[in-house]
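K.L.:
Pasting the sequence and the predicted model now:
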Amino acid sequence: MLLQRQSPTLRPLTTAHLAQTMTLLELTSDELRQKIEASLASNPALELLDTPHCPQCHRILHNAEPCPVCSTPQNPFSDDPIIFVSPQWDFISRENNYGDEGPLSEEWSSLPEDLATFVLRQIAPELAEADRPLAAHILTSLDEDGLLRISLFEIARYHHVTLERIQEVQSLIQRAEPWGVGSSSPQQALLVQLEILSEIRPVPEHAARAINEGLDFLSRHTYHELGRLLGISAEDAAQLASFISENLNPYPARAHWGPGRADNPTNPVYKNPDIIITCLNEKENTPLVVEIVSPYAGSLRINPLFRKALNQVPAENAAQWQSDLDEAVLLVKCLQQRNNTLVRLMQSLVILQRQYIMEGNAQLIPITRARLAEELEVHESTISRAVADKAVQLPNRKIEPLSKWFDRSLHIRTVLLEIIAQEVKPLSDTQIADLLVEHGFSVARRTVAKYRAMEGILPARLRQAMRS
DNA sequence: CTATGGCACGGATT
DNA sequence: AATCCGTGCCATAG
């Protein structure tokens, strides 16, 4: 109802317009792509016009002729991000000129649009050119759990390379999210996850051995036997087991997407980003380039011939044609509205969260959707819809839900992680709470406990037996 | 007695 | 209107 100030130039004209705008706003670009493809197929009034590519970066240009990225001088610093709606180009062909060679790009493009692509996005920049086919082979052979069920030997022999090289590629993949993806067994996945985790925070001393030697006991929950194996008490063994089951996942792809630990066991689909943020150049104060991924490449418009032909159409078809036309006009308008909203949303969000985007979790400024809505002079629900289910890709190529940007406590939890990582001997929740106050965060002791739980960190007493 | 987790309440957020 | 989140209080474990 309160959308009227959303855009000065595009006023919702009808309730239908309004309703559809809201619906479109909720859709991710992947979903929107399906919808538009369906409309294009069924509605003759719609027309998709090809538009030229930017010769330098291969972005497909909409209306604005100069490419917004390449035409920007490399030097300047600006608080204002370069922000625009861009059709999703093939990210591989842009990065490091992937796709220049024919045979390889075919192989890449045959990857299914799912987990494989998701992982590929992350490792692409670190992947040596010659190793691309190997990575592709591994990624396309994953099962639905994200594990590699075929043997590395087989791949090595197929490509005539050494086993070591395959293993290198595999370990690169394993360190991408979801952690442990591409492992040859659940056990290996657990070990990789444990290793990554141990770089961030303390982990129980015997965890690696428990996984290596006591996996049977772990899965059968026979903790006394596990304890006996490791030479620790049954209670400690039980704690160890709960640490493992809470923080590690033997089937990487069954995990939820993103690093969030808030358990969300319902279908964990890996998403392609709806918004891509990159740095314009390597300089310290580079402007950010924000691209709202548009689901269609080219410009969508009403076919002018269709409009002309409307008058001459036989009477019995006229009604149908008219409704097609109306529908098409509505869709185009609503799409503009959607883009407009997303652009404005990201505009202020990126300026506000620049620190976070560049430097990570600790710098996230807590902001509520409501406050942002006020600033942008749109209704709260508009922001909610725009944020829901969207994924952003940061300059470091991590893909995360946009909703993470509205996490009220992420920055405090990050500081809490740092405190615990630096602690000499385990601190009690009360002590941590005091330390946090020194950092300027006043949180209750009870809340510290909750944050700990969220991060999967055991209580102080049980942290004794930690660290290897 | 101290440290923690569970439950539940109230205010904020969606 | 429904949900989430921080907190206080209390029971329990060590």
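P.N.:
Perfect, I can see it now. Residues are numbered from 1 along each chain as shown, chains lettered A, B, ... in the order given.
K.L.:
Show me which positions of the helix or strand where A:H411 lies end up buried.
P.N.:
Using DSSP states H and E, A:H411 sits within helix A:410-422. Under the neighbour-count criterion of 16 or more other CB atoms under 10 Å, helix A:410-422 has A:L410, A:H411, A:I412, A:R413, A:T414, A:V415, A:L416, A:L417, A:I419, A:I420 buried. For every residue, glycine as well, the C-beta is placed using N, CA and C.
K.L.:
near DNA strand B too, which of those?
P.N.:
Checked against DNA strand B using CB under 7 Å from any atom of the strand, the buried residues of helix A:410-422 yield no neighbours at all.
K.L.:
So which of those residues is the closest to A:H221?
P.N.:
A:I420 (28.0 Å; CB to CB).
K.L.:
number of nearby residues for the nearest residue to A:H206 once chain neighbours are set aside?
P.N.:
Of all residues not flanking A:H206 in the chain, A:L230 sits nearest, at 4.7 Å (CB to CB, 6 or more residues apart in numbering). By other CB atoms under 10 Å, the residues close to A:L230 number 19.
K.L.:
can you confirm A:L48 is in a strand?
P.N.:
Yes - residue state for A:L48 (DSSP: H, G, I helix; E, B strand; the rest coil) corresponds to a strand.
K.L.:
Tell me which residues touch it, please.
P.N.:
A:L48 sits next to A:L40, A:Y296, A:G298, A:S299, A:L300 when contact means CB atoms under 8 Å, 6 or more residues apart in numbering.
K.L.:
7 Å - rerun?
P.N.:
A:L40, A:Y296, A:G298, A:L300 (CB atoms under 7 Å, 6 or more residues apart in numbering).
K.L.:
Looks to me like A:L300 is in a helix.
P.N.:
No - A:L300 is assigned strand when assessed by three-state DSSP, not a helix.
K.L.:
now the strands for chain A?
P.N.:
In chain A, the strands defined using DSSP state E lie at A:46-49, A:82-87, A:275-279, A:288-294, A:299-302, A:391-393, A:399-401.
K.L.:
Can you list the strands that the second one pairs with?
P.N.:
Right, strand A:82-87. With DSSP bridges as the test, strand A:82-87 is paired with strand A:288-294 (parallel).
K.L.:
Any residues of chain A in contact with DNA strand B? List them.
P.N.:
A:368-370, A:380, A:384, A:406, A:426, A:428-431, A:445-446, A:449, A:452-453, A:458-461.
K.L.:
6 Å instead?
P.N.:
A:368-370, A:380, A:384, A:406, A:428-430, A:446, A:449, A:459-461 (CB under 6 Å from any atom of the strand).
K.L.:
Which residue in those residues has the weakest pLDDT?
P.N.:
Lowest pLDDT among those: A:R461, with 84.
K.L.:
quick one: low-confidence ranges for the stretch 151-300 of chain A?
P.N.:
A:254-271 (pLDDT under 70).
K.L.:
number of nearby residues for the closest residue to DNA strand B within chain A?
P.N.:
Across chain A, no residue is closer to DNA strand B than A:A460, which sits at 2.8 Å (CB to the nearest atom of the strand). Using other CB under 10 Å, A:A460 is surrounded by 18 other residues.
K.L.:
how close does it sit to DNA strand C?
P.N.:
11 Å (CB to the nearest atom of the strand, to the nearest Å).
K.L.:
How much space separates the closest residue to that residue other than its chain neighbours from A:E199?
P.N.:
Leaving aside its sequence neighbours, A:A460 sits nearest to A:P426 (CB to CB, 6+ apart; 3.9 Å). Plainly put, A:P426 is 19 Å away from A:E199 if you go by CB to CB, to the nearest Å.
K.L.:
Now do the lengthiest helix in chain A, average pLDDT.
P.N.:
If you go by DSSP state H, chain A has its longest helix at helix A:315-352. Averaging pLDDT along helix A:315-352 gives 90.
K.L.:
What is that helix packed up against?
P.N.:
helix A:15-26, strand A:82-87, strand A:288-294, strand A:299-302, helix A:369-376, helix A:380-387 (3 or more CB pairs under 7 Å, 6 or more residues apart in numbering; DSSP states H and E).
K.L.:
Of those, flag the one that's most buried.
P.N.:
Comparing these by mean neighbour count (mean count of other CB atoms under 10 Å), strand A:288-294 ranks first with a mean of 23.
K.L.:
now that one: how far from the chain's centre is it?
P.N.:
14 Å (CA atoms, centre = their mean, to the nearest Å).
K.L.:
Who are the contact partners of A:R445?
P.N.:
Per CB under 7 Å, 6+ apart, neighbours of A:R445: A:D429, A:T430, A:A433.
K.L.:
Oops, could you answer that again for A:E213 instead?
P.N.:
Taking CB under 7 Å, 6+ apart, one finds A:L229 in contact with A:E213.
K.L.:
how much space between it and DNA strand C?
P.N.:
Distance from A:E213 to DNA strand C, by CB to the nearest atom of the strand: 26 Å.
K.L.:
residue closest to the middle of chain A?
P.N.:
A:I399 (2.5 Å; CA atoms, centre = their mean).
K.L.:
List buried members of the contacts of A:R445 by neighbour count.
P.N.:
Buried among the contacts of A:R445 (16+ other CB under 10 Å): A:D429, A:A433.
K.L.:
In JSON lines, list the contacts of A:R445 along with distance to DNA strand C.
P.N.:
Shown next, in JSON lines, are those (distance: CB to the nearest atom of the strand, whole Å):
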{"residue": "A:D429", "distance to DNA strand C": "11"}
{"residue": "A:T430", "distance to DNA strand C": "11"}
{"residue": "A:A433", "distance to DNA strand C": "8"}
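K.L.:
rewinding a little: shouldn't the residue nearest to A:H206 be in contact with A:A208?
P.N.:
No - if you go by CB atoms under 7 Å, A:L230 and A:A208 don't touch, sitting 10.5 Å apart.
K.L.:
How about the residues of chain A by DNA strand C?
P.N.:
A:R408, A:S409, A:V443, A:A444, A:R446, A:T447, A:K450.
K.L.:
residues in contact with A:L248?
P.N.:
A:L190, A:Q193, A:L194.
K.L.:
The first one and A:T222: what is the separation?
P.N.:
Right, A:L190. 18 Å.
K.L.:
A:I302 now?
P.N.:
Taking CB to CB, one finds A:I302 at 69 Å from A:T222.
K.L.:
likewise A:P133?
P.N.:
From A:P133 to A:T222 the distance is 44 Å (CB to CB).
K.L.:
and if you look at A:P273?
P.N.:
With CB to CB as the criterion, A:P273 and A:T222 are 44 Å apart.
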